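Participant: I would like to see how this sequence folds:
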Amino acid sequence: MPDFALEDALHARGLDCIAGVDEAGRGPLAGPVAAAAVILPAGFRDPGLDDSKKLSAKKRAALYQILTEDQLVRWAVALASAAEIDALNILRATHLAMQRAVAGLGVTPDHCLIDGLPVRGFPWPHDGIVKGDGRSLSIAAASIVAKVTRDRLLGEIDAEFPFYGFARHQGYGTKAHLEALRIHGPCRHHRRSFQPVAQLALPLGGP
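Facilitator: The predicted structure follows:
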């Protein structure tokens, strides 16, 4: 389970404002990538707070509500669109969304803990923590905010394009999604640079 060990080590160095940063949606064929930044208050504890991938949708939603309604928790979420992903590539677009999220916090963090590898050129001091959402409570909180935000957005996109089933698969390349792509072609939310969207003989206009 994640804990505050990484944050406490930074506090011991005199760094007070620590932001956890994580993303959701790097792998899907459609939709934006979402990133969140979360600053937890000292002493924050919730026994259910964990890596979002290990939690049910119901538990993620409950934790999202706790995190976003707590007046002592600072949080921000940001997106990079499918068009930006195609223009920049998914890694650079993910880093852009992360920067937008941290910039949206309203305070300048002393240090960031980012899930994964260090980010070259990131504007704030940071450490890359591999599998950080399972180690740091701040990163775990960010993973939940990013995941719930993106899933809800894909639900909205599903209402606009119901024949793709976005609310069920969140844009991932399931058998049903690939079949819908074969029949309908891509829509404006699909990532044209991703296989198999790019390799299929599909009309580029799309619905």
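
Participant: CA atoms for contacts and neighbours, from now on please.
Facilitator: Noted.

Participant: What's opposite Ala78 in the beta bridge?
Facilitator: Using DSSP bridges, the bridge partners assigned to Ala78 are Ala35.

Participant: give me every residue that touches it.
Facilitator: Taking CA atoms under 8 Å, 6 or more residues apart in numbering as the criterion, Ala78 is in contact with 34-36, 97-98, 100-101, 104.

Participant: Can you lay out those residues as TSV showing distance to Thr149, neighbour count and pLDDT?
Facilitator: Compiled in TSV, the contacts of Ala78 are given as follows (distance: CA to CA, whole Å; neighbours: other CA atoms under 10 Å; pLDDT from 0 to 100):
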residue	distance to Thr149	neighbour count	pLDDT
Ala34	7	30	98
Ala35	9	32	98
Ala36	9	32	98
Ala97	13	24	98
Met98	14	28	98
Arg100	15	19	98
Ala101	12	26	98
Gly104	15	17	98
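
Participant: any chance of those residues in CSV, with distance to Ala87 too?
Facilitator: Listed next are the contacts of Ala78 as CSV, based on distance: CA to CA, whole Å:
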residue, distance to Ala87
Ala34, 16
Ala35, 18
Ala36, 22
Ala97, 14
Met98, 17
Arg100, 17
Ala101, 20
Gly104, 23
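
Participant: From what I see, Leu63 and Ile144 are in contact.
Facilitator: Yes. Using CA atoms under 8 Å, Leu63 is in contact with Ile144, at 7.4 Å.

Participant: the more surrounded of the two?
Facilitator: For Leu63 against Ile144, the residue with the higher neighbour count under other CA atoms under 10 Å is Ile144, and the figures read 32 against 22.

Participant: Provide a complete list of residue ranges assigned to helices in this structure.
Facilitator: Defined through DSSP state H, the helices belonging to the chain, from first to last, are 5-12, 57-69, 82-88, 90-103, 137-160, 166-169, 175-184.
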